[in-house]
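Q: here's a sequence, model it:
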Amino acid sequence: MDYLQLGMTGLVLLVVLALIFDFLNGFHDAANAIATVVSTGVLKPNQAVVLAAVFNFVAIGVFGTHVAATVGKGIVDPAIVDHYVVFGALIGAICWNILTWYFGIPSSSSHALIGGIVGATVAKAGTAPLVWSGIGKTIAFIVISPVLGLLLGSLMMLMVSHLFFRTAPSKVDRWFRRLQLVSAAAYSMGHGGNDAQKTIGIIWLLLLTSGYLPKDADVPGWVVVSCYSAISFGTLFGGWRIVKTMGQGITKLKPVGGCCAETGGAATLFLASTLGVPVSTTHTITGAIVGVGSSQRFSAVRWGLASQIVWAWVLTIPCSALIAAVAWWVGHQLM
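A: Residues are numbered from 1 along each chain as shown. Below is the predicted model:
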């Protein structure tokens, strides 16, 4: 059965399912954008989620659709994709997000979706349709994005420590409480710009493979607005179980450290979005927080907790792929 046989109703239901994933992406990853600014006491939780949600949406006017193109056409051969594959991919990503949110694990929604696409595709047609260049780039950034975040976060912290060495701590704290509002807004913009595009990519792929869009069509405007809106609303509701882990579980942060971590993370996300790489905002901010903590003293980082988080990163793609493969089979039996 193809999409044209499935009809408009089935297509709409799958688009809604994709937007549910996008909402959960914002909900799950809200901690990435707000944990530092909340844990340092610069903003109250309700204020922080409003700031993050607004700048998630503001990103719509800053970034293009390079990441969406990678997700839509650069992970698997679009010719092999049908509604079963999309259904399996979304169910795999949604289930993994809910599971990791429940246990307070800061895993990657982005890689859950990539794993879901790969798992459902392999369940249908084996490994032949996989685009290894796109998958390789995504896997490479599992390492690159947290390392880059760590380097930028630690360099920012070292630079600030050098510049303000003779300044009274109370004055530094006062200045960086204000600057952290800017860095939190920048990180939220980077989060929205990279993560919303992943759902844009899967809906775009859905419309292209269903025949509702010509093969060379650009992303429709309603898809872009819907995805940015969904992730912003998800962020507004916030996945509070993960905030404590990200904000103070890895290392204790003051406003100066929170500002450096967010700035380093934001720079990494801006770079990745410009290059069209679907990176994990979770990996990026975690690396930046570790960088800030370790630049002060190595023992400031709770390395045991950090290693547990890394294990969650390693397991995300294979676990979401496995769930997606099962969901593909169930969908094939029932749809």
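Q: residues in contact with residue 162?
A: If you count contacts by Cβ atoms under 8 Å, 6 or more residues apart in numbering, residue 162 has none. Where C-beta positions appear, they are placed from N, C-alpha and C, glycine not excepted.
Q: distance check, it against residue 217.
A: Between residue 162 and residue 217 the computed distance is 52 Å (Cβ to Cβ, to the nearest Å).
Q: so, low pLDDT: which residues of the stretch 101-250 of the chain?
A: 106, 239-250 (pLDDT under 70).
Q: go again using 50 as the cut-off
A: 245-248, 250 (pLDDT under 50).
Q: can you check which helix is longest in the protein?
A: helix 169-210 (DSSP state H).
Q: buried stuff in the helix or strand following that helix?
A: Sequence order places helix 221-237 as the next helix or strand after helix 169-210, per DSSP states H and E. Using 16 or more other Cβ atoms under 10 Å as the test for burial, helix 221-237 gives 223-224, 226-236.
Q: repeat that for stretch 166-181.
A: Buried-residue list, stretch 166-181, by 16+ other Cβ under 10 Å: 172, 176-177, 179-181.
Q: relative to residue 40, which of those is nearest.
A: Distances from residue 40 to those, taken as Cβ to Cβ, are shortest for residue 180 (6.6 Å).
Q: separation between that closest one and residue 286?
A: For residue 180 relative to residue 286 (Cβ to Cβ), the value is 18 Å.
Q: same deal with residue 175?
A: 26 Å.
Q: one more: residue 170?
A: From residue 170 to residue 286 the distance is 29 Å (Cβ to Cβ).
Q: this structure: helices as residue ranges?
A: 3-39, 45-58, 66-73, 83-102, 109-125, 132-163, 169-210, 221-237, 240-244, 255-275, 281-296, 303-334.
Q: distance between the fourth one and the chain's centre?
A: For helix 83-102, the gap between its own C-alpha mean and the chain's C-alpha mean amounts to 14 Å (Cα atoms, centre = their mean, to the nearest Å).
Q: how about residue 44: what's its closest non-neighbour residue?
A: residue 38 (7.5 Å; Cβ to Cβ, 6 or more residues apart in numbering).
Q: got the buried residues for stretch 144-152?
A: Those buried within stretch 144-152 under the rule 16+ other Cβ under 10 Å are 144-150, 152.
Q: wait, I meant stretch 102-117
A: 104-117.
Q: correct me, but residue 124 touches residue 84?
A: Yes: between residue 124 and residue 84 there is a contact under Cβ atoms under 8 Å: 6.7 Å.
Q: need the overlap of contacts for these two.
A: Joint contacts of residue 124 and residue 84 (Cβ under 8 Å, 6+ apart) are residue 328.
Q: ok, the closest residue to residue 231 other than its chain neighbours - how many residues close by?
A: Closest residue in space to residue 231, ignoring its immediate chain neighbours: residue 26 at 3.9 Å, by Cβ to Cβ, 6+ apart. By the measure other Cβ atoms under 10 Å, the count of residues near residue 26 is 31.
Q: quick one: contacts for residue 26?
A: 53, 56, 195, 230-237.
Q: ok, now how distant is it from residue 195?
A: Taking Cβ to Cβ as the measure, residue 26 falls 8 Å from residue 195.
Q: shared neighbours of those two, anything?
A: residue 231.
Q: how many other residues sit next to the nearest residue to residue 49 once chain neighbours are set aside?
A: Spatially, and ignoring its direct neighbours in sequence, residue 49 is nearest to residue 238 (4.7 Å; Cβ to Cβ, 6+ apart). Number of residues near residue 238 (other Cβ under 10 Å) recorded here: 25.
Q: check contacts around residue 238.
A: 27, 30-31, 34, 45, 49.
Q: among those residues, which two are most distant?
A: 27 and 45, at 14.0 Å, using Cβ to Cβ across those.
Q: ok, the two, which is more surrounded?
A: Neighbour count, other Cβ under 10 Å: between residue 27 and residue 45, residue 27 has more, with 24 against 15.
Q: thank you kindly, that will do.
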